[in-house]
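[1] Predicted model and sequence follow; I will ask about them next.
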Amino acid sequence: MSHTLTLTINGTVQEVTLDDPRVTLLDLLRERLYLTGTKKGCDRGQCGACTVLANGRRINACLALALSHDGAEITTIEGLARGDTLHPVQAAFIAHDGMQCGYCTPGQIMSAVGLIAEAQAGADPERIREGMSGNICRCAAYAGITKAVLAATETLSQEAKRA
C-alpha cells in the first residue's frame, strides 16, 4: 500500500508517494529528491551528519521516518543560502575554518543554525560545545566550529537588532 505525504522542503511544497512506510527522511531527501547535501554517516543517529531542521528543530534525518513528518517544513543545507548570499552560519564556517574534509559540515551547519535559533548558543563556548555534541567531526575541527558558531551568533544577533 502506498502513502502520500506533503512536505515543504526548503520553501517548496513537495508531494511524495512512498511504497514503503519505513523510508527515512534521510533516504527520501537523498534518493528521491536528490538533495545530497544531507549526508549519511553512521545511519544510527550517532554522528549528526544527517542533521536537518524539521519545523525549525534539529533532527537526525536517519532516525526520522518520512511519514512521521507529513506536513512538516524541512530545511536542508541546500535551503540556507539566499541566492548567492551565504547564510551567516555558512559564512562563519568558512571564515573560521570550521571544516576540514567537509563530510560532516552540512550537519554541523544545520545543527548550529538550530542551536542559535533555540537561543542556546549565546557567547559561551562551553554551551556551544555541549549544544553541538551530537555532531561528530572525525577531523577534529572543533575549535574552528566553536569559533564559527560564536561569530554567527553575534552576526545573527546584530541582524535581529537591526530588523
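    Sure, I can see it.
[2] Any regions of the protein where pLDDT drops low?
    Where the chain drops to pLDDT under 70, the residues are 120-122.
[3] where exactly do the strands run in it?
    Taking DSSP state E as the test, the strands found in the chain are 3-9, 12-18, 51-54, 57-60, 73-75.
[4] now for the helix ranked longest in the chain, which elements pack on it?
    Criterion DSSP state H: the longest helix present in the chain is helix 142-162. The helices and strands touching helix 142-162, judged by 3 or more CB pairs under 8 Å, 6 or more residues apart in numbering; DSSP states H and E, are helix 88-95, helix 105-117, helix 125-131. Yep, even glycine has a C-beta here, placed from its N, CA and C like the rest.
[5] and L63, which of these is closest to it?
    helix 105-117 (12.8 Å; CB to CB).
[6] Run through the residues that contact the residue nearest the centre of the chain.
    Centroid-nearest residue in the chain: M110, 2.4 Å away (criterion: CA atoms, centre = their mean). Applying CB atoms under 8 Å, 6 or more residues apart in numbering to M110 gives the contacts T38, T51, V52, L53, R58, T75, T76, I77, L80.
[7] likewise D70?
    Applying CB under 8 Å, 6+ apart, the residues contacting D70 are L5, T6, L7.
[8] which of these tops the neighbour count?
    Using other CB atoms under 10 Å as the neighbour criterion, L7 leads those with 22 neighbours.
[9] For it, which residues count as its bridge partners?
    Following DSSP bridges, L7 is listed with bridge partners Q14.
[10] if we can go back for a sec, the residue nearest to the centre of the chain and C62, how far apart?
    13 Å (CB to CB, to the nearest Å).
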